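Novice: All I have is the shape, not the residue letters:
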């Protein structure tokens with residue numbers, strides 16, 4: 001089920017390097033997607049080492065070869 005926020009945007013959170021953990025999901029705000037990413041980082045002991053900000057898309061590179069991607073749809 002997809003829903004639109006007040007600003008009409010949705011965001012996806014995906015990752016690579018976490019093995020079988022699948023985070024593909026749609027969030028109603030960038031903040032909600034970012035919050036989920038930080039929870040996963042804490043759970044797995046990951047530290048963000050670099051952030052690439054391309055206005056609508058963000059890539060977070062962590063230690064242990066894990067990457068998170070937040071994309072505005």
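Specialist: Received the coordinates, thanks. On a predicted model such as this, the values are computed, not experimentally measured, just so you know.

Novice: Residue 58: neighbour count?
Specialist: 19 (other CB atoms under 10 Å). No exception for glycine: its C-beta is placed from N, CA and C like everyone else's.

Novice: Hmm, I typed the wrong one, I wanted residue 31.
Specialist: 10.

Novice: what helix or strand does it sit in?
Specialist: helix 30-44 (DSSP states H and E).

Novice: May I see the buried residues of that helix?
Specialist: Within helix 30-44, the residues that qualify as buried are 30, 32, 33, 34, 36, 37, 40, 41, counting by 16 or more other CB atoms under 10 Å.

Novice: which non-adjacent residue is nearest residue 73?
Specialist: If the residues on either side of it in the chain are set aside, residue 73 comes closest to residue 10, at 4.5 Å by CB to CB, 6 or more residues apart in numbering.

Novice: Would you confirm that the one you found contacts residue 26?
Specialist: Yes: Residue 10 lies in contact with residue 26 (CB atoms under 8 Å); the separation is 5.2 Å.

Novice: Who has more neighbours out of these two?
Specialist: Comparing residue 10 with residue 26 by other CB under 10 Å, the one with more neighbours is residue 10, at 18 against 14.

Novice: And the pLDDT at that one?
Specialist: Predicted confidence (pLDDT) for residue 10: 95.

Novice: now swap in residue 18 and tell me
Specialist: pLDDT, read off for residue 18, is 85.

Novice: Next, report how far the least confident helix or strand in the chain by mean pLDDT is displaced from the centre of its chain.
Specialist: Every helix and strand in the chain was compared by mean pLDDT, DSSP states H and E; the lowest is strand 25-27, with a mean of 88. Chain-centre distance of strand 25-27: 9 Å, with CA atoms, centre = their mean, to the nearest Å.
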